[in-house]
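Engineer: missing the sequence, but the structure's below:
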(Lines give C-alpha, C1' and ligand atoms only; values in the text may rest on other atoms or scores of the structure.)
Protein backbone atom coordinates (compact mmCIF):
# COMPACT_ATOMS: atom_id res chain seq x y z
CA UNK A 1 0.00 0.00 0.00
CA UNK A 2 2.95 2.31 -0.48
CA UNK A 3 4.16 2.35 3.10
CA UNK A 4 6.32 0.25 5.32
CA UNK A 5 4.34 -0.98 8.29
CA UNK A 6 6.17 -2.01 11.44
CA UNK A 7 4.32 -3.31 14.47
CA UNK A 8 5.91 -2.74 17.86
CA UNK A 9 5.27 -4.11 21.33
CA UNK A 10 7.44 -4.40 24.43
CA UNK A 11 7.89 -8.12 23.83
CA UNK A 12 11.20 -9.52 22.56
CA UNK A 13 11.73 -10.75 19.00
CA UNK A 14 11.68 -14.31 20.39
CA UNK A 15 8.14 -13.89 21.66
CA UNK A 16 7.14 -12.30 18.34
CA UNK A 17 8.43 -15.41 16.58
CA UNK A 18 6.54 -17.75 18.91
CA UNK A 19 3.31 -15.75 18.59
CA UNK A 20 3.47 -15.45 14.80
CA UNK A 21 4.12 -19.18 14.44
CA UNK A 22 1.43 -20.13 16.96
CA UNK A 23 -1.48 -17.81 16.11
CA UNK A 24 -3.29 -18.79 12.90
CA UNK A 25 -4.64 -15.25 12.50
CA UNK A 26 -1.06 -14.09 11.97
CA UNK A 27 -0.22 -16.66 9.31
CA UNK A 28 -0.30 -14.10 6.47
CA UNK A 29 1.65 -11.42 8.32
CA UNK A 30 4.53 -10.01 6.26
CA UNK A 31 5.48 -6.83 8.12
CA UNK A 32 8.45 -6.74 10.48
CA UNK A 33 7.50 -7.10 14.15
CA UNK A 34 9.61 -4.72 16.22
CA UNK A 35 10.85 -5.65 19.69
CA UNK A 36 10.94 -2.83 22.26
CA UNK A 37 11.52 -4.60 25.60
CA UNK A 38 13.09 -1.46 27.12
CA UNK A 39 10.13 0.68 26.06
CA UNK A 40 12.55 3.23 24.58
CA UNK A 41 10.77 3.53 21.25
CA UNK A 42 7.33 3.58 22.90
CA UNK A 43 8.60 6.39 25.19
CA UNK A 44 9.86 8.38 22.20
CA UNK A 45 6.30 8.33 20.82
CA UNK A 46 4.72 8.95 24.24
CA UNK A 47 2.87 5.61 24.42
CA UNK A 48 4.88 3.79 27.11
CA UNK A 49 3.06 2.92 30.33
CA UNK A 50 5.90 2.62 32.84
CA UNK A 51 3.84 0.97 35.56
CA UNK A 52 2.68 -1.83 33.32
CA UNK A 53 5.77 -1.98 31.09
CA UNK A 54 3.48 -2.02 28.06
CA UNK A 55 2.83 0.17 25.03
CA UNK A 56 -0.56 1.80 24.52
CA UNK A 57 -2.35 1.29 21.20
CA UNK A 58 -0.62 4.06 19.23
CA UNK A 59 -0.56 4.48 15.46
CA UNK A 60 1.85 6.92 13.83
CA UNK A 61 2.17 7.91 10.18
CA UNK A 62 5.56 9.33 9.18
CA UNK A 63 6.18 11.08 5.86
CA UNK A 64 8.96 10.06 3.46
CA UNK A 65 11.06 13.00 4.70
CA UNK A 66 10.74 11.85 8.30
CA UNK A 67 8.01 14.11 9.73
CA UNK A 68 5.36 12.72 12.07
CA UNK A 69 2.03 13.64 10.44
CA UNK A 70 -0.62 11.64 12.31
CA UNK A 71 -0.87 10.22 15.76
CA UNK A 72 -3.71 8.20 17.24
CA UNK A 73 -3.53 6.65 20.70
CA UNK A 74 -6.14 4.40 22.28
CA UNK A 75 -6.18 3.01 25.80
CA UNK A 76 -5.42 -0.71 26.25
CA UNK A 77 -9.04 -1.83 26.00
CA UNK A 78 -9.98 -0.30 22.65
CA UNK A 79 -9.02 -1.53 19.21
CA UNK A 80 -8.33 0.70 16.22
CA UNK A 81 -10.30 1.22 13.04
CA UNK A 82 -8.17 0.28 10.04
CA UNK A 83 -10.52 2.17 7.66
CA UNK A 84 -9.69 5.39 9.49
CA UNK A 85 -5.98 4.61 9.30
CA UNK A 86 -6.31 4.06 5.55
CA UNK A 87 -8.31 7.30 5.18
CA UNK A 88 -5.55 9.25 6.88
CA UNK A 89 -2.87 7.52 4.86
CA UNK A 90 -4.62 8.28 1.54
CA UNK A 91 -5.21 11.88 2.62
CA UNK A 92 -1.49 12.25 3.38
CA UNK A 93 -0.58 10.99 -0.07
CA UNK A 94 -3.03 13.49 -1.61
CA UNK A 95 -1.85 16.41 0.52
CA UNK A 96 1.81 15.68 -0.23
CA UNK A 97 1.03 16.41 -3.90
CA UNK A 98 -1.50 19.22 -3.35
CA UNK A 99 0.17 21.22 -0.65
CA UNK A 100 -2.29 24.15 -0.84
CA UNK A 101 -5.30 21.95 -0.08
CA UNK A 102 -6.84 20.60 3.09
CA UNK A 103 -8.75 17.33 3.49
CA UNK A 104 -11.96 17.84 5.47
CA UNK A 105 -13.26 15.27 7.97
CA UNK A 106 -15.52 13.55 5.46
CA UNK A 107 -12.79 13.17 2.83
CA UNK A 108 -12.47 9.46 2.08
CA UNK A 109 -10.57 9.01 -1.15
CA UNK A 110 -9.07 10.65 -4.22
CA UNK A 111 -11.78 12.64 -6.03
CA UNK A 112 -13.61 13.72 -2.87
CA UNK A 113 -13.89 17.46 -2.21
CA UNK A 114 -10.97 19.22 -0.59
CA UNK A 115 -10.70 22.78 0.68
CA UNK A 116 -8.29 25.50 -0.37
CA UNK A 117 -7.97 28.07 2.42
CA UNK A 118 -8.46 31.58 1.04
CA UNK A 119 -10.26 34.82 2.01
CA UNK A 120 -13.21 33.65 -0.14
CA UNK A 121 -13.56 30.45 1.91
CA UNK A 122 -14.07 32.32 5.18
CA UNK A 123 -17.62 31.62 6.33
CA UNK A 124 -18.29 29.60 3.17
CA UNK A 125 -17.04 26.13 4.09
CA UNK A 126 -20.56 24.68 3.94
CA UNK A 127 -21.07 25.96 0.40
CA UNK A 128 -17.58 24.85 -0.70
CA UNK A 129 -18.32 21.28 0.36
CA UNK A 130 -21.63 21.04 -1.56
CA UNK B 1 12.89 22.81 48.03
CA UNK B 2 9.95 20.57 48.87
CA UNK B 3 9.61 16.88 48.10
CA UNK B 4 6.19 17.17 46.55
CA UNK B 5 6.01 15.91 43.03
CA UNK B 6 5.84 18.67 40.45
CA UNK B 7 2.59 18.16 38.54
CA UNK B 8 4.47 19.10 35.38
CA UNK B 9 6.62 15.97 35.79
CA UNK B 10 3.49 13.89 35.36
CA UNK B 11 2.83 15.37 31.96
CA UNK B 12 4.03 12.89 29.46
CA UNK B 13 6.50 13.78 26.79
CA UNK B 14 6.83 12.25 23.41
CA UNK B 15 6.96 13.38 19.82
CA UNK B 16 4.30 15.76 18.60
CA UNK B 17 2.65 15.81 15.22
CA UNK B 18 4.65 18.07 12.91
CA UNK B 19 7.98 17.20 14.50
CA UNK B 20 10.84 15.46 12.73
CA UNK B 21 11.27 11.88 13.97
CA UNK B 22 14.82 11.25 15.20
CA UNK B 23 16.73 8.20 13.98
CA UNK B 24 16.05 4.92 15.79
CA UNK B 25 16.89 1.27 15.38
CA UNK B 26 14.83 -1.67 16.54
CA UNK B 27 15.35 -5.43 16.50
CA UNK B 28 12.66 -7.24 14.55
CA UNK B 29 11.25 -10.63 13.79
CA UNK B 30 10.73 -10.91 10.01
CA UNK B 31 7.86 -13.32 9.33
CA UNK B 32 8.66 -13.49 5.60
CA UNK B 33 12.18 -14.75 6.33
CA UNK B 34 11.44 -16.56 9.56
CA UNK B 35 14.46 -14.76 10.94
CA UNK B 36 15.45 -11.83 13.15
CA UNK B 37 16.47 -8.53 11.63
CA UNK B 38 16.87 -4.85 12.34
CA UNK B 39 14.74 -1.89 11.29
CA UNK B 40 16.76 1.28 10.91
CA UNK B 41 14.73 4.45 10.46
CA UNK B 42 17.56 6.38 8.79
CA UNK B 43 18.22 3.73 6.15
CA UNK B 44 14.47 3.45 5.57
CA UNK B 45 14.36 7.21 4.95
CA UNK B 46 17.51 7.38 2.80
CA UNK B 47 15.71 7.55 -0.55
CA UNK B 48 12.88 9.71 0.90
CA UNK B 49 10.25 7.74 -0.96
CA UNK B 50 8.73 5.51 1.66
CA UNK B 51 6.05 6.34 4.17
CA UNK B 52 6.29 4.62 7.53
CA UNK B 53 3.44 3.45 9.73
CA UNK B 54 4.33 2.51 13.30
CA UNK B 55 1.71 0.39 14.99
CA UNK B 56 2.16 -0.05 18.76
CA UNK B 57 0.15 -2.60 20.75
CA UNK B 58 0.38 -3.78 24.36
CA UNK B 59 1.41 -7.41 24.10
CA UNK B 60 1.78 -10.50 21.94
CA UNK B 61 -0.79 -13.24 22.48
CA UNK B 62 -3.58 -10.66 22.99
CA UNK B 63 -5.81 -8.87 20.50
CA UNK B 64 -4.27 -6.04 18.53
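Structural biologist: Sure, I can see it. Just so you know, these numbers come straight off a predicted model, no measurement behind them.
Engineer: what's in contact with the longest helix anywhere in chain A?
Structural biologist: If you go by DSSP state H, chain A has its longest helix at helix A:82-97. Here helix A:82-97 makes contact (C-beta atoms under 8 Å, 6 or more residues apart in numbering or on different chains) with A:1-3, A:59, A:61, A:63-64, A:69-70, A:72, A:101-103, A:107-110, A:114, B:51, B:53. Placement of C-beta: from N, CA and C, glycine included.
Engineer: cutoff 7 Å now
Structural biologist: The contact list for helix A:82-97 (C-beta atoms under 7 Å, 6 or more residues apart in numbering or on different chains) reads A:2-3, A:59, A:61, A:63, A:69-70, A:101, A:103, A:107-110.
Engineer: Quick check, the residue in chain B closest to chain A?
Structural biologist: Residue nearest to chain A within chain B (C-beta to the nearest C-beta): residue B:14, separated by 1.9 Å.
Engineer: just so I have it, where are all the helices in chain A?
Structural biologist: A:13-22, A:40-44, A:82-97, A:125-128.
Engineer: Next: chain B.
Structural biologist: Going by DSSP H, chain B shows helices at B:7-10, B:41-44.
Engineer: ranking the ones you listed by mean pLDDT, which is last?
Structural biologist: With a mean of 60, helix B:7-10 has the lowest mean pLDDT of the helices of chain B.
Engineer: got any ranges where chain B has weak pLDDT?
Structural biologist: Counting by pLDDT under 70, chain B has low-confidence residues at B:1-12, B:64.
Engineer: If anything else comes up later, I'll come back, but that's it for now.
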